[in-house]
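Q: Got a sequence here, can you model it:
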Amino acid sequence: MSISYSANRFGVLASLRFRGPSSNANLSKEIDMFYVKNVPTWERVLRVVMGLMALGFAAIHWGGSPVAIGAGVMGAVLSMTGLFGFCPMCAMVGRKLDKGA
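A: Next up is the predicted model:
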């Protein structure tokens with residue numbers, strides 16, 4: 001019994017892995033990367049601290065207020081981007097880390 005399906009209307013499944021450059025496919029290992037960090041360490045620490053502060057504010061003032069809900073969402077996003085070191089908005093504008101820094 002065989003089950004076939006397509007992920008999109010063109011019938012081609014898109015790969016979710018990015019393969020690192022290799023000069024010789026037989027001799028070098030392929031590197032699977034899910035994302036490339038685009039936030040420097042000092043900013044990651046700042047994002048985590050500010051995100052936790054925003055989550056604390058949201059927890060204290062939780063009661064359906066739009067400000068508390070907004071602070072909670074913002075705090076969660078800041079904390080996650082700080083923990084992972086990847087910011088989708090920075091990636092959209094082309095921000096990359098300097099390899100020398």
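Q: Now do the helices in the protein.
A: Along the chain, counting by DSSP state H, helices occupy 41-60, 66-84, 88-92.
Q: where does the chain dip in pLDDT?
A: Residue ranges of the chain with pLDDT under 70: 1-33, 100-101.
Q: Thr81 and Glu43, how far apart?
A: 9 Å (CB to CB, to the nearest Å). Glycine gets a C-beta too; all of them are placed from N, C-alpha and C.
Q: Name the residue in the two with the higher neighbour count.
A: Under the neighbour definition other CB atoms under 10 Å, Thr81 and Glu43 were set side by side, and Thr81 has more, 21 against 15.
Q: pretty sure that one is touching Cys87, no?
A: Yes: if you go by CB atoms under 8 Å, Thr81 and Cys87 touch, sitting 4.5 Å apart.
Q: Are there residues contacting both of the two? Which ones?
A: Val39 (CB atoms under 8 Å, 6 or more residues apart in numbering).
Q: residues in contact with Ser79?
A: Contacts of Ser79 (CB under 8 Å, 6+ apart): Arg47, Val48, Gly51, Leu52, Leu55.
Q: same thing but 7 Å
A: Val48, Gly51, Leu52, Leu55 (CB atoms under 7 Å, 6 or more residues apart in numbering).
Q: Out of those residues, grab the one that's most surrounded.
A: Gly51 (20 neighbours).
Q: Quick check: that residue vs Tyr35, distance?
A: Distance from Gly51 to Tyr35, by CB to CB: 18 Å.
Q: Just put the helices of the chain in CSV and tack on distance to Lys99.
A: As requested, the helices of the chain are exported to CSV (distance: least, CB to CB, whole Å):
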stretch, distance to Lys99
helix 41-60, 14
helix 66-84, 19
helix 88-92, 16
